[in-house]
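*Asks:* Following is a predicted model, sequence given first.
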Amino acid sequence: MAPYGNDANNGSKTQPLATLTGARNAIRLLKNSPSFKSQAIWVIVEDGVYVMKEPLLLLPEDSGTAEYPIVYKAAKGAHPIFSGGKKISGFVENENGLWEAKIHEAAYYKWRFDQLYVNNKRATLARTPNSGFIKIDTVIQQIWKKGSSKVPEKAQQSIFFNKENFSLISEINNEALPKVRFKAFHKWDFTLRHIEAINIDSLMVVTSGKGMKPWNPLKKGRRLFFENYKAALDTVGEWFLDDKGVLFYKPLEGQSIETTEIIAPVLENLVTISGNALKNEYVENIEFKGLTFKHCHYRIPPTGFEPNQAAAKLSAAIKVEGAKNIKIANGEISQIGQHAVWFGKGSSNSSIENTYIHDVGGGGVYLGDFKPLEGKQHTHHITVKNNIIQSGGREFPAAVGIWVGHSSDNTVLHNDIANFYYTGISVGWVWGYKPSLAKRNTISYNHIHHIGWDLLSDMAGIYTLGASEGTVVEHNVIHDVHAYSYGGWGMYADEGSTGITFKNNLVYNTKTGGFQQNYGKDNIVQNNILAFAKKYQLQCTVPEAHKSFSFTNNIIIFNEGMVAKGAWDKVNAEIDSNLYWNTSKKEYNFNNHTFKQWQSRGFDKNSLIANPYFKDAQNFNFKFKKTSTYKKIGFKPFDFSKAGVYGDKHWVEKAKLSQSITEAFKLAVEKNMKMNIKR
């Protein structure tokens, strides 16, 4: 293949093909030829940009074999890019300093797009306010159709604001109203809705859709912003597409029309691998090596996007179902409106490795289904290894780096996951003790950091749900995890988490603890280092009659906040042989008990308050300079330097977040903690 190729060619080096679909069709012809003998087939992709007019669809007939796979591979030294977007040209600068271009397809065929990329970066859809949020004063809901679930099937919400906040949207007129929408942030959820009416006298906007979730509604104090109307196009880097098909962009300082590339995404899917597991019609033995996929659109429907944990109901740029032995390696996926990759129902024995996933509207890699599909449709044995998955949730902030739903026997190993707004890795998809298919998953040697910011709450570096017997979370390094209000844990065993082992993990710089269990059964938390949480080092929420967890041989070091907070006075847990150390030399508050009172409740009988003698804990060097103390609690040192990606120097360096991101995160944390004190 080559950018100058033609799908009418024969596919040789001198007569290359032009598209992935053309290559697929050529392979079909080759395999159906009477003279064809089984052999490996390589599609060699030359350097350049390939603008995709349609997604690549691979069906069972496009399979290779275990001995002779079909490989779509970058040529030696090449970095080919497959774009699902359209380059927008013809800009002129108007009298207001805005760039504008009339797009023929938008003007005459009503083509619309909800993301835009300028010079290889996601641009901001015109919004108000430009930074920060508008806070809700009151919400009144009118239920139109209750339905059978706890969430009303149809309802209308009237959202009220105070005068100061409402003044920010006073420029929205009736002509702009049909396009205007808001994005609201509440606990762990996110709501995106169009508005139907605005009442200046009542300081109110009206929207409708599903009813609010009783356990997580929009209410007083929740934050939102409005977007997608021209009056909001008032700061550099913003854009807006009007009803006449004119695209407006307010350029950044130093940008010129002649040297700026502006791309709008068109395709909503770039690669679909679609077999039928129920009929034993699998797509098998296909590999992608060294390919870059960019500019995949997510079209926001008129109904908006209802609250949905982990944004699990989005689709993905690369969607795999009914497939075995699919391999994605050494490539890149970026500038995506939704999730990057999803190994869905009926997928197994497949992998994604050494892939750079960044600037995605949704999440990174999703495994399994949010429904418990058993038998042939069950997703299992997927390997997610040595990938860089960063800067996600740009459009849907509840998305996660790696999501494991009803899926088992997966290996999530040596990934770097950073700069997400909700959670790094999420495992399990059952709330409580209902049957779960998320079993025997291994989450090891991952580096998870700069998660949460100050946007959503009730989240963690690693988050688990439901019965996951045999699942092991070990040798991970988790740090800089924060939340808007409550939450911001390193490891979070949420509702019904059962049979999970958390061991040999290093967790530091969290908001509310290195470990939290809401409720669950027979979890093991052993031989971890939990350091420098801001409010509490440990939390548990719901006591139950059965044994909830064991917490043994751990080192807890801190300089502020409580040691433990929550339902510790009633919880059924084994807590012993731990080491606690407050570097500030202040009190040790165990859920409003002294250490002796804590011990009198049956906890930590063989534990110590003592210096663990780290080399330089204040600067996060948790290697030991003495062995005498930690040996007393049976702690066994582990090599946390192995967490994260590995390989050549360039790959390891690529995983490091820019200083601008880490500094912005630090400032967001500081600002949020000051607000917490005020609240």
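*Replies:* Sure thing, it's come through.
*Asks:* Count the neighbours of N387 for me.
*Replies:* 30 (other C-beta atoms under 10 Å). (C-beta placed from N, C-alpha, C; glycine too.)
*Asks:* Start at 22, not 1
*Replies:* Sure, I'll start numbering at 22, so the last one becomes N408.
*Asks:* ok, and what's touching the host helix or strand of T42?
*Replies:* Following DSSP states H and E, the helix or strand that holds T42 is helix 41-53. By C-beta atoms under 8 Å, 6 or more residues apart in numbering, the residues outside helix 41-53 that reach it are 22, 26, 28, 31-32, 38, 57, 62, 64, 71, 73, 75, 77-79, 82-83, 91, 93, 103, 292.
*Asks:* Inside helices: which ones of the residues you listed?
*Replies:* Per DSSP state H, helices hold no members of the contacts of helix 41-53.
*Asks:* What segments of the stretch 522-671 of the chain are helices?
*Replies:* Taking DSSP state H, counting those that start in this stretch to define them, one finds helices in the stretch 522-671 of the chain at 616-621, 670-675.
*Asks:* Now render those helices as JSON lines, adding mean neighbour count and distance to N525.
*Replies:* Formatted as JSON lines, these follow (neighbours: other C-beta atoms under 10 Å; distance: least, C-beta to C-beta, whole Å):
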{"stretch": "helix 616-621", "mean neighbour count": "15", "distance to N525": "25"}
{"stretch": "helix 670-675", "mean neighbour count": "11", "distance to N525": "22"}
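*Asks:* Nearest to T400, out of those?
*Replies:* Smallest distance to T400 across the helices of the stretch 522-671 of the chain (C-beta to C-beta): 27.7 Å, for helix 670-675.
*Asks:* helix or strand right after the closest one?
*Replies:* Counting by DSSP H and E, the next helix or strand C-terminal to helix 670-675 is helix 680-699.
*Asks:* Now do that following helix: distance to the chain's middle.
*Replies:* Put simply, helix 680-699 sits 21 Å off its chain's centre (C-alpha atoms, centre = their mean, to the nearest Å).
*Asks:* Can you name every helix or strand that it contacts?
*Replies:* strand 468-472, strand 498-502 (3 or more C-beta pairs under 8 Å, 6 or more residues apart in numbering; DSSP states H and E).
*Asks:* what residues does it touch?
*Replies:* Against helix 680-699 from outside (C-beta under 8 Å, 6+ apart): 412, 440, 471, 474-475, 501, 503, 505-506, 532, 555-556.
*Asks:* which residues touch the one residue sitting closest to the centre of the chain?
*Replies:* Nearest to the geometric centre of the chain sits V421, at 2.1 Å (C-alpha atoms, centre = their mean). Counting by C-beta under 8 Å, 6+ apart, V421 touches 331-332, 384-385, 413-414, 441, 443-447, 484.
*Asks:* Who are the contact partners of K532?
*Replies:* Per C-beta under 8 Å, 6+ apart, neighbours of K532: 473, 502-504, 508-510, 554-556, 690.
*Asks:* number of nearby residues for the closest residue to P76 other than its chain neighbours?
*Replies:* Spatial nearest neighbour of P76, chain neighbours left out: N290 (4.6 Å); criterion: C-beta to C-beta, 6 or more residues apart in numbering. N290 has 19 neighbours, counted by other C-beta under 10 Å.
*Asks:* and N290, how far is that from L80?
*Replies:* 15 Å (C-beta to C-beta, to the nearest Å).
*Asks:* can you check Q620 too?
*Replies:* From Q620 to L80 the distance is 64 Å (C-beta to C-beta).
*Asks:* Kindly report the same for Q359.
*Replies:* Taken as C-beta to C-beta, the span from Q359 to L80 is 23 Å.
*Asks:* Looking at the two, which has the bigger crowd around it?
*Replies:* Q359 (26 against 16).
*Asks:* gap between the more buried one and F211?
*Replies:* Distance from Q359 to F211, by C-beta to C-beta: 14 Å.
*Asks:* Identify the contacts common to these two.
*Replies:* With C-beta under 8 Å, 6+ apart, Q359 and F211 have common neighbours F417.
*Asks:* Tell me where this structure is predicted with low confidence.
*Replies:* By pLDDT under 70, the low-scoring segments of the chain are 698-700.
*Asks:* how is it carved up into domains?
*Replies:* 106-147+254-285, 155-253, 449-461+484-664 (automatic domain parsing).
*Asks:* Dump those domains to CSV, plus distance to G343.
*Replies:* Shown next, in CSV, are the domains of the chain (distance: least, C-beta to C-beta, whole Å):
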stretch, distance to G343
domain 106-147+254-285, 28
domain 155-253, 30
domain 449-461+484-664, 17
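*Asks:* which residues sit in contact with Q162?
*Replies:* Per C-beta under 8 Å, 6+ apart, neighbours of Q162: 173, 176-179, 232-233, 238.
*Asks:* Show me the contacts of V421 that map onto strands.
*Replies:* 441, 444-447, 484 (DSSP state E).
*Asks:* In PyMOL, how would I select just the buried ones from the residues you listed?
*Replies:* Filtering the ones in strands among the contacts of V421 down to the buried ones (16 or more other C-beta atoms under 10 Å) takes a single PyMOL command:
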select buried, resi 441+444+445+446+447+484
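*Asks:* so which of the ones in strands among the contacts of V421 comes closest to I464?
*Replies:* I446 (5.9 Å).
*Asks:* wait, that closest one sits on I469?
*Replies:* Yes: between I446 and I469 there is a contact at 6.6 Å, judged by C-beta atoms under 8 Å.
*Asks:* Show me whatever sits in contact with both of these two.
*Replies:* 422, 438, 482-483.
*Asks:* can you redo those as CSV with secondary structure?
*Replies:* CSV is the format used below for the shared contacts of I446 and I469 (DSSP: H, G, I helix; E, B strand; the rest coil):
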residue, secondary structure
G422, strand
I438, strand
G482, strand
I483, strand
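*Asks:* would CSV of those with neighbour count and distance to F391 be doable?
*Replies:* Shown next, in CSV, are these (neighbours: other C-beta atoms under 10 Å; distance: C-beta to C-beta, whole Å):
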residue, neighbour count, distance to F391
G422, 31, 17
I438, 32, 20
G482, 32, 22
I483, 29, 19
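*Asks:* list the contacts for the residue nearest to P76?
*Replies:* Contacts of N290 by C-beta under 8 Å, 6+ apart are 76, 105, 317, 336-338, 340.
*Asks:* Which ones among those residues map onto strands?
*Replies:* Going by DSSP E, the strands hold 317, 337-338, 340 from the contacts of N290.
*Asks:* Tell me the one of the contacts of N290 nearest N544?
*Replies:* A337 (30.7 Å).
*Asks:* so what's K657 up against?
*Replies:* So K657 contacts 548, 574 (C-beta under 8 Å, 6+ apart).
*Asks:* now swap in the one 4 residues further on and tell me
*Replies:* Shown here is F661, whose contacts under the criterion C-beta under 8 Å, 6+ apart are 496, 498, 527, 550, 643.
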